[in-house]
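Peer 1: coordinates for the following, if possible.
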Amino acid sequence: MTDAAKNGALLEVRDLNAYYGKSHILHGVTFDVREGEIVSLLGRNGVGRSTTIKAIMGDVPPQGSIRFRGQEIAGKKPHEIAHLGLGYVPENRDIFPGLTVRENLYLGQKNAKKAGRWSIQDMYDIFPRLAERADAPGGVLSGGEQQMLTMCRSLMGDPDLIMVDEPTEGLSPMMVEHVGKLLVRIAERGVAILLVEQKLTIALKISQRLYVMGHGHMVFEGTPAQLQADAAIRKEWLEV
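Peer 2: This next block holds a predicted model:
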């Protein structure tokens, strides 16, 4: 067992490198996510945050070690990784537009015969708008509603850790608030969250720990209070 696993780490990433063709995107990325924890991965566009999640999920070939519950998953196929208990909510709100909201949610179930910690009714209780639109095609939902549907569909797979890529991008302030509350409720059910986010406000509000990326590697790790106190890091790596 690794030291991180002894400390309750659910996900352990060590010396992760990734490439797009000949372009070296990730340079030795190392971090942990613990049980039931919300961890935010911050940084400007293009520094490798989304690539980090894609490499963990197997969508981009990883080089290095990625351990989930102590098991090495680097090199496994995305569907194999998902079945181990890793959920992934991509930035592009990857719903099925021709299927109803209810059908989209059922498609997220990993095992239709075995009840997980989330039910369809849970999804409706958390976000009543989905209940109102249950029989509507996913394609007619607003951007914010589609984002909530994508997150809820991932939860139907009963993950132990869910990775969420830019969930508040392009949303109204009210929908951003909804997303933040949903993430907190997910964590309260014991699901760990790795959140890729540009909005510093929501990350500081809901995270236990934060990492900041710059040019494909980590430049900061700490608590929200520590990041708020570090004006130099914020100015160099986060502020526009």
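Peer 1: from here on, just use CA atoms for contacts and neighbour counts.
Peer 2: OK.
Peer 1: and the strands in the protein?
Peer 2: In the chain, the strands defined using DSSP state E lie at 9-20, 23-34, 38-42, 62-68, 71-72, 86-89, 161-165, 192-196, 209-214, 217-222.
Peer 1: export these to TSV and append columns for mean neighbour count, distance to G108 and mean pLDDT.
Peer 2: TSV is the format used below for the strands of the chain (neighbours: other CA atoms under 10 Å; distance: least, CA to CA, whole Å; pLDDT from 0 to 100):
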stretch	mean neighbour count	distance to G108	mean pLDDT
strand 9-20	20	22	97
strand 23-34	18	23	97
strand 38-42	25	22	98
strand 62-68	21	21	98
strand 71-72	14	24	98
strand 86-89	24	10	93
strand 161-165	25	13	96
strand 192-196	25	18	97
strand 209-214	21	28	97
strand 217-222	18	32	97
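Peer 1: kindly reformat those strands as TSV containing distance to A55.
Peer 2: As requested, those are exported to TSV (distance: least, CA to CA, whole Å):
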stretch	distance to A55
strand 9-20	7
strand 23-34	9
strand 38-42	14
strand 62-68	5
strand 71-72	13
strand 86-89	12
strand 161-165	12
strand 192-196	13
strand 209-214	15
strand 217-222	14
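Peer 1: quick one: closest of these to S142.
Peer 2: For the strands of the chain, the distance to S142 is smallest for strand 86-89, at 16.9 Å, taking CA to CA.
Peer 1: what helices or strands is the closest one leaning on?
Peer 2: Counting contacts by 3 or more CA pairs under 8 Å, 6 or more residues apart in numbering; DSSP states H and E, strand 86-89 is packed against helix 143-155, strand 161-165.
Peer 1: wait, doesn't D94 sit right on T150?
Peer 2: Yes: with contact defined as CA atoms under 8 Å, D94 reaches T150; the gap is 6.7 Å.
Peer 1: compare these two (neighbour count), which wins?
Peer 2: Counting neighbours by other CA atoms under 10 Å for D94 and for T150 shows that T150 has the greater number, 27 against 13.
Peer 1: cool, thanks, talk later.
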